[in-house]
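[1] I'll drop the sequence and a predicted model, then ask my questions.
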Amino acid sequence: MYQDDGSGRNSSYGGRREGGRSSYSGSSEPKPVKAGDEVEVKIEAVASKGDGIAKKDGFVIFIKNAKEGETVKVRITEVKERFAIGELIS
């Protein structure tokens, strides 16, 4: 589903798109989430694969089955260099 091609971009989504830049600048900063964390986030957009996109302190989180505009509670299941994957818990 999600592939980390080593470039720091999510190749399943074709990397970054114009205007969708994150304020999170990468590996020199500690990531604001870790696997197992439960966080409440607002879904800001929907990716081309249909997953919701949210941000926590500028760090992108992809959430399957989340809809744009929703505020949801998610459990972080995986953390990559430049994004995380979460699952809905409420």
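    That came through, no problem. Residues are numbered from 1 along each chain as shown.

[2] so which strand or helix has the closest residue to K56 other than its chain neighbours?
    With Cβ to Cβ, 6 or more residues apart in numbering as the criterion, K56 has its nearest non-adjacent residue at 4.8 Å, and that residue is P32. Every residue, glycine included, has its C-beta placed from N, CA and C. Using DSSP states H and E, P32 is not contained in any helix or strand.

[3] same thing with V74?
    If you go by DSSP H and E, V74 is part of strand 71-79.

[4] quick check: phi and psi at K31.
    Dihedral pair for K31: phi -70, psi 140, per degrees, to the nearest 10.

[5] which pLDDT value goes with S28?
    At S28, the predicted lDDT confidence score is 73.

[6] assumed it was part of a helix.
    No: assigned with DSSP: H, G, I helix; E, B strand; the rest coil, S28 falls outside any helix and is coil.

[7] related to what we said a few turns ago, who touches the residue nearest to K56 in this structure?
    For P32, the contact set (Cβ atoms under 8 Å, 6 or more residues apart in numbering) comprises 24, 56-59.

[8] could you list the low-confidence segments of this protein?
    Along the chain, the parts satisfying pLDDT under 70 run over 1-27, 90.

[9] if we go to 50?
    Scanning the chain with the threshold set as pLDDT under 50 gives 7, 9-11, 13-18.

[10] what segments of it are helices?
    Assigned by DSSP state H, the helices in the chain number zero.

[11] kindly export stretch 63-72 (C-alpha atoms) in CSV.
    The C-alpha coordinates for stretch 63-72 follow below in CSV (Å, rounded to 0.1, in the frame of the first residue of the first chain):
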residue,chain,number,x,y,z
ILE,A,63,-5.5,7.5,7.5
LYS,A,64,-7.5,4.9,5.5
ASN,A,65,-11.3,5.5,5.3
ALA,A,66,-11.1,9.1,6.7
LYS,A,67,-13.0,11.8,4.9
GLU,A,68,-12.0,15.4,4.3
GLY,A,69,-13.2,17.8,7.1
GLU,A,70,-13.6,15.1,9.7
THR,A,71,-11.9,15.3,13.1
VAL,A,72,-10.9,11.8,14.0
